[in-house]
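Engineer: how would this look folded up:
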Amino acid sequence: MTEQQFDNIDDYIADLKAKLAVNRECGNTLYNLGVAYLSKRDFMEAERCFREAVANSPKLAEAYVQLGGIAMQRGDLKTCLTYNVQATQQRPFFAVPWGNIGFCQLQLGEADKAIQSLKRAIKYDNKFVQALATLGSAYFTVGDLEESAKALEAAVSIEPMFGPAWNNLALVSAEKGDWARAKECVAKAQETGYEVPEAFLKEIEENAN
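Structural biologist: Have a look, this model is predicted:
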């Protein structure tokens, strides 16, 4: 049974706990319980469930990804990176952890490594918007504006309401001196509800006219 078949999340949690009382070592049930706790923002219980899930089912790559997400939530990028690497060791062709690895590497100042990881994520899932957008940022960081624009354009073509990618496209356009395009891109970013920095808006206004 899935969460949708219950009136509320607490009933779903109670059902999962009842299943665990019968079979404490079921990795999938522990994983589902962790996800349920995450939806309540009970990170401590969620983490406990995911740790127990991988202890019982070491190949459960999704649980490593979730543990990485909890570490990220705490701002612990290195632990997030470690968990996602473990996920790829269990499922090498799983795009999500490769995307997360690339994000962590970029945040840790390893843009070249990030590009390689993100390219793998997109190879395994060419519609992975977050990975495409992060790849655009990584290319921008190393000064490759053409590849940056290509990745960001791909991201917004899949998900037109992805504000950060529009903002980054505006940065690429500004860097190229194409202020008219930068103005278009920030307008698109704002349509999504993304808050474009005031200083950047002012710079575009000054140069676009």
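
Engineer: Below-threshold pLDDT in the protein: ranges please.
Structural biologist: Residues of the chain meeting the criterion pLDDT under 70: 1-7.

Engineer: cutoff 90 now
Structural biologist: Across the chain, the ranges flagged by pLDDT under 90 are 1-11, 23-25, 208-209.

Engineer: So which residues of it form helices?
Structural biologist: Under the criterion DSSP state H, the chain carries helices at the ranges 9-22, 27-39, 43-56, 61-73, 77-90, 95-107, 111-124, 129-141, 145-158, 163-176, 179-191, 198-208.

Engineer: Run through who's touching the third one.
Structural biologist: Around helix 43-56, the neighbours that count as contacts under Cβ atoms under 8 Å, 6 or more residues apart in numbering are 25-28, 30-31, 33-35, 37-38, 60, 63-64, 66-67, 70, 73. (C-beta placed from N, C-alpha, C; glycine too.)

Engineer: Among those residues, name the buried ones.
Structural biologist: 26-27, 30-31, 33-35, 37-38, 60, 63-64, 66-67, 70 (16 or more other Cβ atoms under 10 Å).

Engineer: so which of those residues comes closest to Phe93?
Structural biologist: Here the nearest of these to Phe93, counting by Cβ to Cβ, is Tyr64; it sits at 14.8 Å.

Engineer: and the gap between the closest residue to that closest one other than its chain neighbours and Ser117?
Structural biologist: Once its chain neighbours are removed from consideration, Tyr64 has its nearest residue in Ala87; the separation is 3.8 Å (Cβ to Cβ, 6 or more residues apart in numbering). Applying Cβ to Cβ, to the nearest Å, one obtains 12 Å for the distance of Ala87 from Ser117.

Engineer: what's the neighbour count on Glu195?
Structural biologist: Burial measure for Glu195: 9 neighbouring residues, criterion other Cβ atoms under 10 Å.

Engineer: got it, and Asp10?
Structural biologist: The burial metric for Asp10, expressed as a neighbour count using other Cβ under 10 Å, is 11.

Engineer: go on, Leu201?
Structural biologist: 15.

Engineer: likewise Ser157?
Structural biologist: 11.

Engineer: And it, how close does it get to Tyr194?
Structural biologist: Distance, Ser157 to Tyr194, by Cβ to Cβ: 17 Å.

Engineer: Now do stretch 36-43: distance from first to last residue.
Structural biologist: Between the opening and closing residues of stretch 36-43 lies a distance of 10 Å (Cα to Cα, to the nearest Å).

Engineer: Just the buried positions in it, please.
Structural biologist: Under the neighbour-count criterion of 16+ other Cβ under 10 Å, stretch 36-43 has 36-38 buried.

Engineer: possible to save those residues as CSV with distance to Leu171?
Structural biologist: Compiled in CSV, the buried residues of stretch 36-43 are given as follows (distance: Cβ to Cβ, whole Å):
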residue, distance to Leu171
Ala36, 39
Tyr37, 38
Leu38, 32
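
Engineer: from those, which single one is nearest Trp179?
Structural biologist: For Trp179, the closest of the buried residues of stretch 36-43 turns out to be Leu38, at 42.6 Å, with distances computed as Cβ to Cβ.
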